[in-house]
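S.K.: Got a predicted structure plus its sequence, pasted below:
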Amino acid sequence: MYREYKQLNLPALDAEILQFWEDEQIFKKSIEQRPADQSYVFYEGPPSANGKPGIHHVMARTVKDLFCRYQTLKGRRVARKGGWDTHGLPIELQVEKELGITKEDIGKKITVEEYNQACRDTVMRYKDLWDDITRKMGYWVDLDDPYITFENNYIESVWNLLERLYHKKTASGAPFLYKGFTIQPYSPAAGTGLSSHELNLPGCYKEVTDLSAVVMFKVKNTEKSAFLFSTEAEDVRIMAWTTTPWTLPSNVALTVGPDIHYAKVRTFNPYTAQAVSVILASERLSAYFNPENASIPMEPHDPAAKNPAIPYRIDRTFYGRDLLGIHYEQLLPYVTSPELETDGFVVIGGNWVTTEDGTGVVHTAPYFGADDFRACKENKVPFIGVYDDKGRLQPLVDRQGRFVQEMGEFAGMYVKAEYYPKEVTADKSFKSTDLLISLKLKDEGKAFKIEKYKHNYPHCWRTDKPVLYYPLDSWFIRASAAKERMAELNKTINWKPESTGSGRFGQWLENLQDWNLSRSRYWGIPLPIWRTEDESEEVCFGSVEALKQRVQDANAFINSKAGQELLSQQEIEAVIRSYDLVMRDDFDLHRPYIDQVVLIATNGKPMYRESDLIDVWFDSGSMPYAQWHYPFENEETFKRNFPADFIAEGVDQTRGWFYTLHAIAVLCFDSVAYKNVVSNGLVLDKEGNKMSKSKGNVVDPFNTIDTYGADATRWYMISNAAPWENLKFDLGGILESRNKFFGTLFNTYNFFALYANLDQWAIDEQNTMPYAERSELDRWVVSKLYNLVNDYRNAMDDYEPTKAARAIELFVDEHLSNWYVRLSRRRFWRGDMGPDKRAAYETLFECLMVVSQLSASLAPFFADWMYRNLTAPLREKAKHLHTPLRHESVHLTDLTQPDPGKIDQALETRMDYAQRICSLALSIRKKEKLRVRQPLQKILLPVLDEAFISDVEGVKDLILSEINVKEIEYITDASGLLKKGAKANFKTLGGKLGKDMKAAADLIAGMSNAEINALEKSGSKTVELNGNTYTLTPEDLLISTEDLPGWKVASDGSLTVALDVTLNDALLAEGTARDLVNRIQNVRKEQNFQVTDRIVVQIEKHPAILEAVLQFGDYIKAEVLAESIILEEALEAEKVELNDQVSLGILVSLN
RNA sequence: AGGGCUAUAGCUCAGUUGGUUAGAGCGCUACACUGAUAAUGUAGAGGUCAUCAGUUCAACUCUGAUUAGCCCUACCA
């Protein structure tokens, strides 16, 4: 028996199928039954289980899942190892929030050990939720044996990669892993430097309004600067602009463009009205001075007035190079040094200075800008800072983003307002440090202009607070040295969409910077590098074994004579402790343990670990190797699984995982890491806004799946728009998918099940009716089905799931349900099992079976449900005979192969005629208010071409029954009935007519019937247009029948249908008979009779039906399964409305 | 600031190498049909194809500019 259902309940169906998959281990079987040498490699980008899964994860994982399932059906072995991303800032921040601590407390209020333990406990917090959504959405991934980035084996593989880079050298001998001191983006709120790709994550650059200041540096009157002074006492100042006033105390130089033209201008300080002479780029004068004021009297303005006119005079002009070496007074003298007094506070040159904005003079603070740093180094300008307890020079802003104690009244202030707690900045009297500094400069007569300035400024992707550019010691990967190779290999990757690969990713590779690997953090993979304190010796480990060996060597050394002499007792004890530590079975490669490992250099000095951790992006980019603990284990497995055939993640991973996978693969193995990559877009709310907790527009994935089912959710997401477009997520859309696609398919299945059960029909796989013997309609739907198989495979092979899903929808809806089933209904419920009925069952079964396979990738639950229901009655036999339907799940079957032999283009053309003719005929009926149950005598079809009659004859029966007409009559020109019209065929005519096209179109439109016929007969016609002569052929005209005078006509393109609407008594009686059938069927249904029940019908005697019962009594009886129809003079029964005028009693009872 | 992508019906989306009247689904209105009924058919309403200019006999389609949105790039002081 086939299971029949009252109504579609997708969530219940999900539960049933899930249980089945788990009981029968279908996922496992789907992998293991495929040959190992036919692998299709998929990499799972590891999610972090310390956050809850969102609806966008359902989107991303649907994309991953559907291609993996598809390849499985194609016979590939698709192992899908799950993974967890367990390190990184988000986890640390969450722990700190929950423990109520900050970075500074680590090592004080809480030990590193405890802190890391807390992180370890947090990482898997929502694993259960993740497992649950994974299961419920039908994402097949192996979560029993996942890779976990904090495990020692994983870390060891990462170390191995780092060691490869450490020893790998560029052509010029530079190592790929190196340490450098640079100005880097740094997030004080997160307490860490940021890599360039972290800074390039979406949303990092935000438009913010900062305070900008144009300040004036007082020039010292020396021999060099004398030319700037008209009088000994003149107040000469250089103007510079900054958007970060907090860097002004760190100013040590002003940079000018040597070839830029500058001017000295006499004017007045806008705020104090004191006379002053300022120096700025000539081109920038107009930005600060109104030309009208060049001629007003040189008198001080009223500083209290609004927009006072401030007079000015250009005193003299010169080039930037003339200013080089000129010294000025320190602007904000909090910290200085003897070196600075002699070599600092000086004008230097830089060719990167522009006059696009500002003053053409760049305020230079070496610790807070990459250009500044380089410029000061090149010009030997001393840096400004204070010394820490180890005697190292540190900037005037500490790592929390606060001014150091030496900064007088600014000491301890955060340099950016965003770093303060909200309560502080919410206070109305709060003034940002930038503002306080600006006010001070104003008071001291050093400010020329203070104003707000809008610009884009980078923000930390995790804390959302602005970054500082800050000096840090870091380890880098010399990615820039391999950018050509990376770009070259990138060209071999199939990106979906293509533009992400060539555009976004490609351009990024072209401008590739070195990868800053260092993180000053606690919970992550430690750098496996040890150094002596004097940096004379360094070692990088690529395995735990090598580290252990080195520890053993160190232990041997301390027992030697040299060791005893060279090392202090403390150092000796440290080495002994190291030995005990690393030899433990549960030795943990994380901090703080790894930091306790002390080694001995060849010169006998102790070596300590470089304290940095590595960027977590390196963790996830290492997964192709580290998930197998390569190269320490699983060499064969790794080789079979590298590179990946397919990966998919959000487009936001372009600079994240997609990059790190690519970079590591290219640098370490000179290979791509993946061959095909799908980057999916954002999931927005239905209005197109980003989903965020604060907006309250977040869609809960559990809720959604519980309500609508996983398949409808998945189907909606993929069929609605291509994965790489942003999806405006609308629950209404899921409902639509459920009703339209799943509802239709469900109805079709239920229809099949109903009759197949009545007929006890099951397919005999080895003995089906040859297609050639089946009806036109059967062969047509099979032809459509195999076109679908082609289209589907092509779309999926091209990683275009949206096209694939839409193709299935079209077939199920338009072709299968709306045409094939609708027109075949009678074949299923009429008569006994004969060849035609058998063909109908076999055809419908095949369609449903193949559709279940094709939809299995995207709708794994429903497809399996349908497949299992369809095949349940024959599975035992199939197993016994080893036929294709022996599999217990659709996910274990082999995808139907394309079969050109089943595609019949000519048949599809014929059916297209049938569909269009029916549609036109029905539209005439509608217009003439002639119900379809009323039979009509005939339709007339003007003949289009030679094949037309035979084409239509092939599908004649379908047309006649569909539109309830008795016959088709073909008419040709000879009949004289046709009134033809013609339009110009622009495509053929355009080229040869050119400018005369318009005139030709008018001429053709105006051609008479006779002219058109003449042209058709003779095959050509010469016309003259605007003095040019052209020859028209029939192909240049699009000829259609415009009308058949005296008939009701409708047309579609060249196809025209005329309907004979005259009625006679016989037709009317038959119409009434069909109405009666319908009414009696309705009564049957109302009374819940079985479809097979035989009945007796009593009808109230009424003149309107007499003729119908008389002439068509047998027909009615056959249709409604009645033994007899009795006309009663009077009948106690409910009145049934036959038409507008007539109502009569009908009584139906079981025979 | 520069670069890229996008802009088609109320909504979600198609739209071939430029070619006649720009389509589908949903939603809306009316009428039908049905032994598939959360389905279906027919018809109707709904479009300045973002704006402007150019190329062309002909532009939703090609080119340029503009506007809006998104993404990317940038130390830009």
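M.R.: Sure thing, it's come through.

S.K.: show me where the stretch 201-350 of chain A has strands.
M.R.: With strands called from DSSP state E, counting those that start in this stretch, the stretch 201-350 of chain A shows them at A:205-218, A:236-242, A:253-256, A:261-268, A:275-281, A:313-319, A:346-349.

S.K.: The stretch 651-800 of chain A now?
M.R.: Under the criterion DSSP E, counting those that start in this stretch, the stretch 651-800 of chain A carries strands at the ranges A:674-680, A:683-684, A:727-728.

S.K.: One more: the stretch 851-1000 of chain A?
M.R.: A:936-942, A:965-971, A:979-984.

S.K.: which one of these lies closest to RNA strand B?
M.R.: strand A:979-984 (3.3 Å; CB to the nearest atom of the strand). Where C-beta positions appear, they are placed from N, C-alpha and C, glycine not excepted.

S.K.: picking that back up, can you redo the strands of the stretch 651-800 of chain A as a markdown table with mean pLDDT and distance to A:Pro860?
M.R.: Formatted as a markdown table, the strands of the stretch 651-800 of chain A follow (pLDDT from 0 to 100; distance: least, CB to CB, whole Å):
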| stretch | mean pLDDT | distance to A:Pro860 |
| --- | --- | --- |
| strand A:674-680 | 89 | 18 |
| strand A:683-684 | 76 | 21 |
| strand A:727-728 | 80 | 20 |
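
S.K.: RNA strand B is nearest to which of the ones you listed?
M.R.: For the strands of the stretch 651-800 of chain A, proximity to RNA strand B was assessed by CB to the nearest atom of the strand; strand A:727-728 is nearest, at 4.8 Å.

S.K.: Columns mean neighbour count and mean pLDDT on top of the strands of the stretch 851-1000 of chain A, output as JSON lines?
M.R.: Formatted as JSON lines, the strands of the stretch 851-1000 of chain A follow (neighbours: other CB atoms under 10 Å; pLDDT from 0 to 100):
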{"stretch": "strand A:936-942", "mean neighbour count": "21", "mean pLDDT": "86"}
{"stretch": "strand A:965-971", "mean neighbour count": "15", "mean pLDDT": "87"}
{"stretch": "strand A:979-984", "mean neighbour count": "19", "mean pLDDT": "77"}
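
S.K.: Relative to A:Phe42, which of those strands is closest?
M.R.: strand A:979-984 (53.9 Å; CB to CB).

S.K.: The closest one pairs with which strands, and in what direction?
M.R.: Applying DSSP bridges to the sheet, strand A:979-984 is found paired with strand A:1037-1043 (antiparallel).

S.K.: Does the partner strand reach RNA strand B?
M.R.: Yes: using CB under 7 Å from any atom of the strand, strand A:1037-1043 reaches RNA strand B at A:Leu1038.

S.K.: count of neighbours near the nearest residue to A:Ile477 once chain neighbours are set aside?
M.R.: Nearest non-adjacent residue to A:Ile477, counting by CB to CB, 6 or more residues apart in numbering: A:Trp515, 4.1 Å away. As a burial measure, A:Trp515 scores 26 neighbours (other CB atoms under 10 Å).

S.K.: for the residue of the stretch 1001-1150 of chain A found nearest RNA strand B, what are its contacts?
M.R.: Nearest to RNA strand B, among the residues of the stretch 1001-1150 of chain A, is A:Val1091, at 1.9 Å (CB to the nearest atom of the strand). Residues in contact with A:Val1091, defined by CB atoms under 8 Å, 6 or more residues apart in numbering, are A:754, A:758, A:829.

S.K.: Report how many residues lie close to A:Asn516.
M.R.: Applying other CB under 10 Å, we find 24 residues neighbouring A:Asn516.

S.K.: List the contacts of the closest residue to A:Ala839 other than its chain neighbours.
M.R.: Counting by CB to CB, 6+ apart, A:Arg774 is the residue found nearest to A:Ala839 once chain neighbours are left out, at 4.3 Å. Shown in contact with A:Arg774 (CB under 8 Å, 6+ apart): A:782, A:839, A:842-843.

S.K.: Kindly list the main-chain dihedrals of A:Arg774?
M.R.: When read as degrees, to the nearest 10, the backbone of A:Arg774 gives phi -90, psi 170.

S.K.: which residues does the closest residue to A:Ser337 other than its chain neighbours contact?
M.R.: Computed as CB to CB, 6+ apart, the closest residue to A:Ser337 that is not its neighbour in sequence is A:Pro382, at 6.7 Å. Contacts for A:Pro382 (CB under 8 Å, 6+ apart) come out as A:252, A:337, A:339-340, A:343-344, A:376.

S.K.: Looking at those residues, which are in helices?
M.R.: A:339-340, A:343, A:376 (DSSP state H).

S.K.: From those, list the buried ones, please.
M.R.: Buried by 16 or more other CB atoms under 10 Å: A:340, A:343, A:376, out of the ones in helices among the contacts of A:Pro382.
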